[in-house]
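In: Based on what follows, work out the 3D shape:
(4 chains)
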Number of protein chains: 4
Amino acid sequence: MSMTTQMMQSMSKEMGGMPASMDMTVMQECIEACSACEQACTMCADAGMSGGMVKCMSMCMNTADMCNTMMRMMLRPTGFDATSMMAALEACMAMCIACADECLDHAEMSETCRMCAQTCQECAKACEAVLTMMKAMN
Amino acid sequence: MSMTTQMMQSMSKEMGGMPASMDMTVMQECIEACSACEQACTMCADAGMSGGMVKCMSMCMNTADMCNTMMRMMLRPTGFDATSMMAALEACMAMCIACADECLDHAEMSETCRMCAQTCQECAKACEAVLTMMKAMN
Amino acid sequence: MSMTTQMMQSMSKEMGGMPASMDMTVMQECIEACSACEQACTMCADAGMSGGMVKCMSMCMNTADMCNTMMRMMLRPTGFDATSMMAALEACMAMCIACADECLDHAEMSETCRMCAQTCQECAKACEAVLTMMKAMN
Amino acid sequence: MSMTTQMMQSMSKEMGGMPASMDMTVMQECIEACSACEQACTMCADAGMSGGMVKCMSMCMNTADMCNTMMRMMLRPTGFDATSMMAALEACMAMCIACADECLDHAEMSETCRMCAQTCQECAKACEAVLTMMKAMN
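Out: Sure, this is the predicted structure:
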């Protein structure tokens, strides 16, 4: 069990914020997916050397920033606000999907883009899982 | 005219990305509003000393991160994707409105919260203006 | 007077953290320089289209992140730690100077790089002014 | 092997930037330590409810931001600049050590602070390992 998972469990005992019915495993998977996606997108933005990849680099920088914002939001149970989190999850999903589509266009030329696209798709799915869970709770 | 405005104008001549019909004044105002809101929320999160303000502090940290992500996205015309930007603007608006509501609850006790709430409301309005403009373009 | 300046003054009355002898005008100028530099570097990283500018783009992304971290640190008087802040100012200065040097190499080809280099130099100077002030206080 | 490690290896084959003599295992451990520390500090800043922990919360927010900046810098080999990276590593170490010291003061009251302090100490050590390696290369 990672330190982050241990801390999340320790915090949820100490304080309120997030609804008790929230499945923390689904949330924790999304935190890890966002972290992985931020790292992959940061590397991919750095690697896009040829002229044809400027759109990919720029979208990757946006996705890295959004994934970091999304991850931090899930690490802050105290300020939990369902409407805000659902809107952020929608934005993170939209950006990951658009970024994956752009990266897939270069997947045959660049191994970095292929791996980045895969990480973006996994992050979009993890965000969707949290969103589905939250919609079922309302 | 600020350096950021000058650079945005210089960049839009050099490259594509954002649609030419985009009103850069509306966008520039939103960039400034996001920057001001990130700063105000960062300070407000740091200032919330008493026990009653923990939700406010946590929401302010989320809003600061989202405003930074939003601002950077608008500073990157190369990776412009209308669907992604509209989803991010919706998320930024939702978070600024929720944060302003929370901060307003402490506005009489704390001058910092009162000013932060005002900055959040202005940022929500600036995001809405860009969103309205983009919807009219589609 | 900007909202950020007003809030900084309001906060310094409410709480401790930073030493009272700290000249807040010098600090405020550095906050503004960091904010401007983050914006300029984010745009410059997005604009570097041709193959020759990849090092510039990558350094600009690093500098944008460091300037944001530096700015936020100065907006948080509560956690003020002189050793940490001086080390961060040294890092921010080193990164702004290296980034300005790299951008200057493309200043004749790209107006964006020319303006970004200028903003980096101003940020390095503003960091140095805070550092000089802090060293005099010790 | 994590996706980040795979991508770092794939990238180092594709491009220059970082010196070939750089031990990527040491670097990779530091990337993971920075990521873990950003997550721990973000949670710890959110958890510090009682009045006595405001300094801890504020320092944790600074450390989270610096660790994210440091992590991203190591994920961007293209813009590698030894002077900048060494200054950033010094800053990250100083902030992690100061934050760990502050968190340790509350370690008996708060399990979150205890785990955050440990993560900060591990991050400081990982930064020092990269710094030691880089100094030996000069």
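In: So which residues on chain A come close to chain D?
Out: A:2-4, A:6-8, A:10-11, A:14-15, A:31, A:35-36, A:39-40, A:42-44, A:46-47, A:49, A:64, A:68, A:71-72, A:75-79, A:110-112, A:115-116, A:118-119 (C-beta under 8 Å from any C-beta of the partner chain). In this view, the C-beta of every residue, glycine as well, is placed from N, C-alpha and C.
In: hmm, try it at 7 Å
Out: A:3-4, A:6-8, A:10-11, A:14-15, A:35-36, A:39-40, A:42-43, A:46-47, A:49, A:68, A:72, A:75-78, A:111-112, A:115, A:119 (C-beta under 7 Å from any C-beta of the partner chain).
In: near chain C, anything from the helix or strand harbouring A:C96?
Out: Using DSSP states H and E, A:C96 falls within helix A:82-104. No - applying C-beta under 7 Å from any C-beta, one finds helix A:82-104 separated from chain C by no less than 14.5 Å.
In: helices and strands around that helix, which ones?
Out: helix A:24-47, helix A:54-74, helix A:111-137, helix B:82-104 (3 or more C-beta pairs under 7 Å, 6 or more residues apart in numbering or on different chains; DSSP states H and E).
In: repeat that for 10 Å
Out: helix A:24-47, helix A:54-74, helix A:111-137, helix B:54-74, helix B:82-104 (3 or more C-beta pairs under 10 Å, 6 or more residues apart in numbering or on different chains; DSSP states H and E).
In: out of the residues of chain A next to chain D, who's near chain B?
Out: The subset of the residues of chain A next to chain D within reach of chain B, counting by C-beta under 10 Å from any C-beta of the partner chain, consists of A:M15, A:N68, A:R72, A:L75, A:R76, A:P77, A:T78.
In: need the contact list for the fifth one.
Out: Same thing as A:R76. By C-beta atoms under 10 Å, 6 or more residues apart in numbering or on different chains, the contact set of A:R76 is A:11, A:17-18, B:57-59, B:61-62, B:65, D:42-43, D:45-47.
In: ok, now with 6 Å
Out: A:R76 sits next to B:S58, D:D46 when contact means C-beta atoms under 6 Å, 6 or more residues apart in numbering or on different chains.
In: May I have the phi/psi pair for it?
Out: With angles defined as degrees, to the nearest 10, A:R76 sits at phi -120, psi 80.
In: any idea which residue sits dead centre in chain A?
Out: A:C34 (2.8 Å; C-alpha atoms, centre = their mean).
In: Who's the closest spatial neighbour of it, skipping the chain neighbours?
Out: Leaving aside its sequence neighbours, A:C34 sits nearest to A:M71 (C-beta to C-beta, 6 or more residues apart in numbering or on different chains; 3.8 Å).
In: Would you confirm that the one you found contacts A:A36?
Out: No - the criterion here is C-beta atoms under 6 Å, and A:M71 misses it with A:A36 at 9.8 Å.
In: before we move on, the earlier item: what about the residue nearest to A:C34, distance to A:E38?
Out: Distance, A:M71 to A:E38, by C-beta to C-beta, to the nearest Å: 7 Å.
In: What of A:V130?
Out: Using C-beta to C-beta, we find A:V130 at a distance of 16 Å from A:E38.
In: out of the two, which sits in the more crowded spot?
Out: It is A:E38, of A:V130 and A:E38, that has more neighbours when counted by other C-beta atoms under 10 Å in any protein chain shown, with 29 against 24.
In: pretty sure the more buried one is in contact with A:A64, am I right?
Out: Yes - counting by C-beta under 6 Å, A:E38 does reach A:A64; the two are 4.8 Å apart.
In: sorry, back to before: adding mean pLDDT and distance to C:M24, write the helices and strands packed on helix A:82-104 out as TSV.
Out: Converted to TSV, these look like this (pLDDT from 0 to 100; distance: least, C-beta to C-beta, whole Å):
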stretch	mean pLDDT	distance to C:M24
helix A:24-47	94	34
helix A:54-74	96	28
helix A:111-137	95	41
helix B:54-74	96	21
helix B:82-104	97	23
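In: Nearest approach to D:A98 belongs to which of those?
Out: Proximity to D:A98 (C-beta to C-beta) singles out helix B:54-74 among those, at 19.7 Å.
In: which secondary structure elements does that closest one contact?
Out: When contacts are defined as 3 or more C-beta pairs under 6 Å, 6 or more residues apart in numbering or on different chains; DSSP states H and E, helix B:54-74 sits against helix A:54-74, helix B:24-47, helix B:82-104.
In: for these, which one sits closest to C:C123?
Out: helix B:24-47 (14.9 Å).
In: when you compare where the closest one runs with where helix D:54-74 runs, what's the angle?
Out: With axes from the mean of the first three to the mean of the last three C-alpha atoms, to 10 degrees applied, the angle from helix B:24-47 to helix D:54-74 works out at 130 degrees.
In: Just the buried residues of helix B:24-47, please?
Out: Neighbour-count burial for helix B:24-47 flags B:24, B:27-47 (criterion: 16 or more other C-beta atoms under 10 Å in any protein chain shown).
In: ditto for stretch A:121-128
Out: So stretch A:121-128, judged by 16+ other C-beta under 10 Å, has buried residues A:Q121, A:E122, A:C123, A:A124, A:A126, A:C127, A:E128.
In: now that stretch, how far from the centre of its chain.
Out: 7 Å (C-alpha atoms, centre = their mean, to the nearest Å).
In: What of stretch A:96-109?
Out: That offset, for stretch A:96-109, works out to 16 Å (C-alpha atoms, centre = their mean).
In: again, but for stretch A:84-102
Out: 8 Å.
In: From the rest of the structure, what touches that stretch?
Out: Stretch A:84-102 is contacted by residues A:55-56, A:59, A:63, A:66, A:70, A:73, A:117, A:120-121, A:123-124, A:127-128, A:130-131, A:134, B:81, B:83-84, B:87-88, B:90-91, B:94-95, B:98 when judged by C-beta under 6 Å, 6+ apart.
In: Only whichever of those are buried, select them in ChimeraX.
Out: Command for ChimeraX that selects the buried part of the contacts of stretch A:84-102, burial taken from 16+ other C-beta under 10 Å:
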select /A:55,56,59,63,66,70,73,117,120,121,123,124,127,128,130,131,134 /B:81,84,87,88,90,91,94,95,98
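In: circling back to that earlier point, name the nearest of the ones next to chain B among the residues of chain A next to chain D relative to chain C.
Out: A:N68 (10.2 Å; C-beta to the nearest C-beta).
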